[in-house]
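1. Sequence plus the predicted model coming up.
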Amino acid sequence: MTSVGIGDRAPDFSLPGTDGTDEGRRTYALHEFGGRAVVLAFYPADSSPVCTAQLGAYSDELDRFAALDAQVLAISPQSVGEHEHFSEANGGFGFPLLADEAKVVGDVYGVLGPLGFYKRSVFVIDRGGVVRYAHRATAGLTFRPVDELVEVLERVDP
């Protein structure tokens, strides 16, 4: 399967995730955010140092994404229960953590490495559902900064 690239229509998906309520979970579909920009942040694992720093940075500056009417969705292969524990241990994140346990969405977006692990990757999808930015890390020791993602959002969805 070919991976998703810039200019492609973003493939829809439906995944369970955290929602920050007492019930703690719900199912999210990409199409439900139609008319809004979406930042898809694929990350390898809950509770790893770089993933924790990445999601913390995105959550700390969530108001910058919100000012551009952009929804952040973070996706990894752990279960919703593991996501809830990770989120709670870090004071909560301002966006849902989605569980791609079967790695189906990761495969469609081309973020699986040779051993089947997620590559740290970020996609920016415009209001019309088209991928306008795609970054797949090879080593995953760093993450795309908020400034870079906000700049992309400002350029493609002013």
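-> That came through fine. Numbering: from 1, shown residues only.
2. Sketch out the strands for this protein, chain order is fine.
-> 14-18, 25-29, 37-42, 70-76, 97-99, 121-125, 131-136 (DSSP state E).
3. got any ranges where this structure has weak pLDDT?
-> Residues of the chain that meet the criterion pLDDT under 70 lie in 1-2, 20-24, 140, 157-158.
4. which stretches of it form helices?
-> 49-60, 62-66, 80-89, 104-108, 146-156 (DSSP state H).
5. Who are the packing partners of the first one?
-> Spelled out, it's helix 49-60. strand 37-42, strand 70-76 (3 or more C-beta pairs under 8 Å, 6 or more residues apart in numbering; DSSP states H and E). All C-beta spots, glycine's among them, are computed from the backbone N, C-alpha and C.
6. Tabulate those (TSV), appending distance to Lys119 and mean neighbour count.
-> Below are these laid out as TSV (distance: least, C-beta to C-beta, whole Å; neighbours: other C-beta atoms under 10 Å):
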stretch	distance to Lys119	mean neighbour count
strand 37-42	7	23
strand 70-76	11	23
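7. Tabulate the ones you listed (CSV), appending distance to Phe117.
-> Compiled in CSV, the helices and strands packed on helix 49-60 are given as follows (distance: least, C-beta to C-beta, whole Å):
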stretch, distance to Phe117
strand 37-42, 11
strand 70-76, 10
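8. quick one: which of those is nearest Thr52?
-> strand 70-76 (11.4 Å; C-beta to C-beta).
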